[in-house]
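> coordinates only, sequence not included:
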Ligand SMILES: Nc1nc2c(c(=O)[nH]1)N[C@H]1C(S)=C(S)[C@@H](COP(=O)(O)OP(=O)(O)OC[C@H]3O[C@@H](n4cnc5c(N)ncnc54)[C@H](O)[C@@H]3O)O[C@H]1N2
Ligand code: MOO
């Protein structure tokens, strides 16, 4: 049997599926669907249908092997949905995935591509590794036709569900980290200018629910910078930020100091502007970031890319740095 539209009298419609939205207009009060496409007609719906002038209805007879658009959207949502997300009810054939916590969005881009390669399937997402807020819609699913072949849905499910891999979309919660801050620069140390870095990084760190455990001044002395980073790590810091002194002048000691600690330097430099002079390193497994001067000047730098990722527990790799270049020109 093929799926088809059939006209029936309301008295015979119980248990059948509405083929489209049925609109009610109450002047001055309401205009919108009284029953939605896909609604399964119940005995108690009869009076309401007659009250909007519907003695006959179009119902959909769905053949085996076809799937209504609402069900198809739900099945796609179910197969991609991981932790930290809720699914909405289908509306006009679309299901939204909504964050149920603040956190870092994780989307497997390759599997999003694979799902969308299946004919007339739609999986639309935000980009991976960005911070999202509770209540934010991060993805949506639908199919294009009203009736979607079961066979295509199975292809979607096979593309999305890969053994041993986490769900296509999930949200990693932010950890509550203790962050140590080492402020370099002789001009700040000697009180020639007021420190502007401390308040900027504090606001960013607290925005994600972490706290500043302490802040020290190191001037431009390599040994002092090294000692203060080491102290924070010994006191249990989850992250140490070293500000300024990241460029090419003789007084720029930060990269040399972090390297001299014996830290594993993932990268000195990133292909993102602003924030090209950032350093990412790990000292005894604790992330240590060297922050260039632009962090106090520009709203969004490479620091803003990596801070939420580190606070969500990701370890930053050389490949993560390299990937920043494509689409990474924000200002120059
Ligand atoms: N010849 C080159 N010049 C620059 C390069 C380069 O590659 N070659 N890179 C540029 C980029 S990109 C950036 S970003 C900055 C990086 O500067 P630094 O991280 O070395 O910053 P500083 O020299 O320490 O300071 C720059 C500026 O900011 C003021 N500053 C620093 N810390 C504080 C603080 N805690 N509170 C208030 N103000 C602070 C400092 O006094 C300087 O005015 O280099 C470019 N140049
Ligand atoms: O480290 Mo700089 O940010 O590219 O201005």
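Noted; the coordinates are in hand. Bear in mind the structure is a predicted one, so any value in this text is a computation, not a measurement. Ligands and ions are numbered 1, 2, ... in the order given.

> What helix or strand is the residue nearest to the spatial centre of the chain located in?
Closest residue to the average C-alpha location of the chain: residue 105 at 2.6 Å, with CA atoms, centre = their mean. Applying DSSP states H and E as the criterion places residue 105 in strand 103-107.

> Which neighbouring elements make contact with that strand?
strand 131-132, strand 137-143, strand 169-172, helix 302-311 (3 or more CB pairs under 8 Å, 6 or more residues apart in numbering; DSSP states H and E). Where C-beta positions appear, they are placed from N, C-alpha and C, glycine not excepted.

> just the angle between the helix or strand following it and strand 137-143, please?
The C-terminal neighbour of strand 103-107 among helices and strands, as given by DSSP H and E, is helix 109-117. Orientation check (axes from the mean of the first three to the mean of the last three CA atoms, to 10 degrees): helix 109-117 against strand 137-143 gives 30 degrees.

> circling back: spit out the contact partners of the closest residue to the residue nearest to the centre of the chain other than its chain neighbours.
The shortest distance from residue 105 to any non-neighbouring residue, by CB to CB, 6 or more residues apart in numbering, is to residue 132 (4.8 Å). Residues in contact with residue 132 (CB atoms under 8 Å, 6 or more residues apart in numbering) are 99, 102, 103, 104, 105, 126, 138, 171.

> Mind pulling up the pLDDT for residue 132?
Here, the pLDDT recorded for residue 132 equals 98.

> heads up, I number from 421, so please use that
Sounds good: first residue 421 from here, last item residue 552.

> Test of understanding: give the bridge partners of it.
Beta-bridge pairing for residue 552 (DSSP bridges): residue 523.

> Could you list the residues of the chain in contact with ligand 2?
693, 694, 695, 696, 697, 712, 714, 721 (CB under 6 Å from any ligand atom).

> And this structure, what are its domain boundaries?
The record assigns the chain these domain ranges, following automatic domain parsing: 424-481, 486-592, 598-742.

> can you redo the ones you listed as JSON lines with distance to residue 750?
Output for those, formatted as JSON lines (distance: least, CB to CB, whole Å):
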{"stretch": "domain 424-481", "distance to residue 750": "42"}
{"stretch": "domain 486-592", "distance to residue 750": "14"}
{"stretch": "domain 598-742", "distance to residue 750": "6"}
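
> Mind putting the ones you listed into JSON lines with distance to ligand 1?
Below are those laid out as JSON lines (distance: least, CB to the nearest ligand atom, whole Å):
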{"stretch": "domain 424-481", "distance to ligand 1": "54"}
{"stretch": "domain 486-592", "distance to ligand 1": "23"}
{"stretch": "domain 598-742", "distance to ligand 1": "3"}
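
> which stretch among the ones you listed comes nearest residue 749?
Closest approach to residue 749 among the domains of the chain (CB to CB): domain 598-742, 5.6 Å.

> so how far is that closest one off the chain centroid?
In terms of CA atoms, centre = their mean, to the nearest Å, the centre of domain 598-742 is found 24 Å from the chain centre.
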